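Undergrad: could you look at this predicted model? Sequence included:
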Amino acid sequence: MQRHHDPNPFDEDNEVNPFSNGVGGGGGGAGTQNFGFRPSEPAGFGKLDATVDIPLDTMNGSKDKAKELASWEAELKRRELEIKRREDALKSAGVTMDDKNWPPFFPIIHHDIAKEIPVDAQRLQYLAFASWLGIVLCLSFNVLAVTVCWIRGGGVKIFFLAVIYALMGIPLSYLLWYRPLYRAMRTDSAFKFGWFFLLYLIHIGFCIVAAIAPPIVFHGKSLTGILAAIDTFSDHLLVGIFYMIGFGLFCLETLLSLWVLQKIYMYFRGHK
C-alpha cells in the first residue's frame, strides 16, 4: 500500500532513491535505480574545468599603448622626412650646412678650406688661420707665464686677468674677425671683408699692447710684454724667462698679423 506524506523519503522501501548505489545494504528492491555516480567522484569535478579570466581593462590598456607607440613612430618618421626635405631644399638653393668638424678629436667649429674656399684664396685663408692659432697660443702661454709669476708671489689678481684674457680673447677673435674672413672668402662679400678689416686692426692693436705690456693694469704683469719681463727679471730669473718667451710670441703674432692684413687687402683690391 502506497504511503502518503511520508516524513522519511529516504526509507528503504521507498520506490525511487536517486542516491542509492545499488550495492548491498538493506535492499532497495526492484524499484531502486543506479545513476552511475561514484561517492569518491562528485559530479562535474572529474575533469579540470577551470578557466582563466583576463580583465578587459588590461587588454584595452595594451591596445591603447600599442596605438600610442605606433603614432609616436609615425610622428618621428614624419619629422625626419621634414628635416631631410628642408636640408635638401637648402642644398639646392646653394646654402651650405656649417657642420662642426674641427678639431677632429673634439669638433667645435666648422672649417674646411680645401672644399669651400676658392683655390686662389686658399693660401691666404691658411695664413689667416695660422694668425688665429697664433693668438690662441699667445693667450694660452700668457696664462702659463702669469701662473708661474703668481706662484712666485706675483699676486692672484694678475692670474685672474690672464685667464679672462684667454677665455674672452680666443672665442672673440674667432667670432669677430676669423669667421667673417672665412665667409668673405667663401662668398666674396664686400661687407664681410670690411668687417674683417675693422676688427683685425683691433686685434693687431691688442697684440702690440700685449707685446709692450705698459704698467697700466696691476703693474702690467698680467701680460707677458717686454716691460713686464724686464721688471720680473730682477726678482725671479725663471719668471723673467717665461715672460720673455711670451713677449717673443706676441711680437711674432703682431708681425704675422700685419703680413696677413697686407696680403688680404691686396687680394680684396684685386677682386674689386
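TA: Received, thanks.

Undergrad: so where's the stretch 101-250 of the chain uncertain?
TA: Across the stretch 101-250 of the chain, the ranges flagged by pLDDT under 70 are 217-218.

Undergrad: what do you get if the cut-off is 90, keeping everything else the same?
TA: For the stretch 101-250 of the chain, the stretches with pLDDT under 90 are 101-110, 112, 115, 152-155, 187-189, 214-221, 233-236.

Undergrad: what about residue 242, how many neighbours?
TA: Neighbours of residue 242 under the rule other C-beta atoms under 10 Å: 22. C-beta here means a position set from N, CA and C on the backbone, and glycine is covered the same way.

Undergrad: now do the contacts for it.
TA: The contact partners of residue 242, by C-beta atoms under 8 Å, 6 or more residues apart in numbering, come to 144-145, 148-149, 224.

Undergrad: if we go to 10 Å?
TA: 141-142, 144-149, 152, 224, 229, 232, 236 (C-beta atoms under 10 Å, 6 or more residues apart in numbering).

Undergrad: got it, and residue 84?
TA: Contacts of residue 84 (C-beta under 10 Å, 6+ apart): none.

Undergrad: distance of it relative to residue 78?
TA: From residue 84 across to residue 78, the span is 11 Å (C-beta to C-beta, to the nearest Å).

Undergrad: among the contacts of residue 242, name the ones in helices.
TA: Secondary structure from DSSP state H places 141-142, 144-149, 229, 232 of the contacts of residue 242 in helices.

Undergrad: which of those residues are buried? Put it as a ChimeraX command.
TA: Burial among the ones in helices among the contacts of residue 242 is assessed by 16 or more other C-beta atoms under 10 Å; the matching ChimeraX selection reads:
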select :141,142,145,146,147,148,149,229,232
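
Undergrad: now, which of the ones in helices among the contacts of residue 242 sits nearest residue 173?
TA: Nearest to residue 173 among the ones in helices among the contacts of residue 242, counting by C-beta to C-beta, is residue 142 at 13.6 Å.

Undergrad: okay, now residue 200: neighbour count?
TA: Neighbours of residue 200 under the rule other C-beta under 10 Å: 24.

Undergrad: that one and residue 260 touch, don't they?
TA: Yes. Here residue 200 reaches residue 260: they are 7.8 Å apart, a contact under C-beta atoms under 10 Å.

Undergrad: overlap of the contact sets of these two?
TA: 128, 131, 181.

Undergrad: which one of those is nearest residue 170?
TA: Checking these one by one against residue 170 (C-beta to C-beta), the nearest turns out to be residue 131, at 13.0 Å.

Undergrad: pull the contacting residues for that closest one.
TA: By C-beta under 10 Å, 6+ apart, the contact list for residue 131 reads 173, 177-178, 181, 200, 203-204, 207, 253, 256-261.

Undergrad: could you find the closest non-adjacent residue to residue 213?
TA: residue 225 (2.3 Å; C-beta to C-beta, 6 or more residues apart in numbering).

Undergrad: A helix includes residue 206, no?
TA: Yes. Looking at residue 206 with DSSP: H, G, I helix; E, B strand; the rest coil, it is inside a helix.

Undergrad: and the gap between the residue nearest to it when sequence neighbours are not counted and residue 270?
TA: Excluding the flanking residues, the one nearest residue 206 by C-beta to C-beta, 6+ apart is residue 169, at 7.6 Å. Distance from residue 169 to residue 270, counting by C-beta to C-beta: 31 Å.
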